Structure formats: C-alpha cells, structure tokens
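**Q** Here's my sequence, what's the structure:
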Amino acid sequence: MAKDWKDRLGVVYSTNSDFKYDKDEQAEPDTLPANQQKLIVQLDKKNRKGKAVTLITGFTGSTEDLESLGKLLKTKCGVGGTAKDGEILIQGDFREKIMLILATEGYKAKKSGG
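**A** Model prediction:
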C-alpha cells in the first residue's frame, strides 16, 4: 500500500489513537442468471461523431461477467467494442444479430428505439 494516503484524502486529523479509516468500497452485485436478466438493446449515435454503436444496458452482475458477455458479443459480431459501467458498446448497427445471440444464450432482451 505505497499510495494508501491517496485513499484518505478526505480525512484531515483525528485525535483518537484507535481510529481506523473506513474506505467506501462498494461490493459488486451478484450476477443474475441469464434468464432473469432484462437487457435493452438500442442503437446510439449521440456524442459519437455520427458513428452508430449498438448499446446493451440493464446487465446486473459483476464486472467480470459483463466483460465476458461483451467479449462474446464482439467475437460473434466480428467488431470492436467495450464493456464498462454496466453497459456494452458494440461498434456498428448489430441490433438484430445481438438480439439473436442473446436469445440463444438464454437472456431476455428487448429492442428499444427505432
């Protein structure tokens, strides 16, 4: 913990000799089974310089499981993308293909938008 002081920047001073700083660590939620996930698949062009991306939201679970689902979708579509903050971005308009892939994997997916 060489940079432990950076985690405690909000603490000014304590006169209590038994004081222990509690870090605000949030536990990741447990990953729901595929048949209980309610994913939303939509096309997004906002703030992307006119480029279309397929956005998958609504995933409930750990970051590792989100990244593995993102990797599966990127591999099956043969394109790039990213998975972070509970969202999966796939480059290009692959809504129909992703809906089919998610259905075969057992996920409940719903298409949103035009």
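**Q** only C-alpha atoms for contact and neighbour calcs from this point on.
**A** Noted.
**Q** Flag the shaky bits of this structure, pLDDT-wise.
**A** 1-14, 21-28, 114 (pLDDT under 70).
**Q** Find the centremost residue of the chain, please.
**A** Geometric centre of the chain, nearest residue: G86, 2.4 Å, by CA atoms, centre = their mean.
**Q** number of nearby residues for the spatially closest residue to that one that is not a sequence neighbour?
**A** Of all residues not flanking G86 in the chain, F59 sits nearest, at 5.9 Å (CA to CA, 6 or more residues apart in numbering). Using other CA atoms under 10 Å, F59 has 22 other residues around it.
**Q** what residues are up against F59?
**A** F59 makes contacts with 37-39, 66, 86-87, as judged by CA atoms under 8 Å, 6 or more residues apart in numbering.
**Q** Could you list which of the residues you listed belong to strands?
**A** Those of those mapping onto strands are 38-39, 87, per DSSP state E.
**Q** Now the buried members of the contacts of F59.
**A** 37-39, 66, 87 (16 or more other CA atoms under 10 Å).
**Q** for the residues you listed, which one is nearest G106?
**A** Nearest to G106 among these: Q37, at 9.0 Å, using CA to CA.
**Q** That closest one is in contact with T60, isn't it?
**A** Yes - using CA atoms under 8 Å, Q37 is in contact with T60, at 6.8 Å.
**Q** what about the strands in this protein?
**A** 38-44, 53-57, 81-84, 87-91, 108-112.
**Q** Next up, phi/psi of N47, please.
**A** Per-residue torsions, N47: phi 60, psi 30 (degrees, to the nearest 10).
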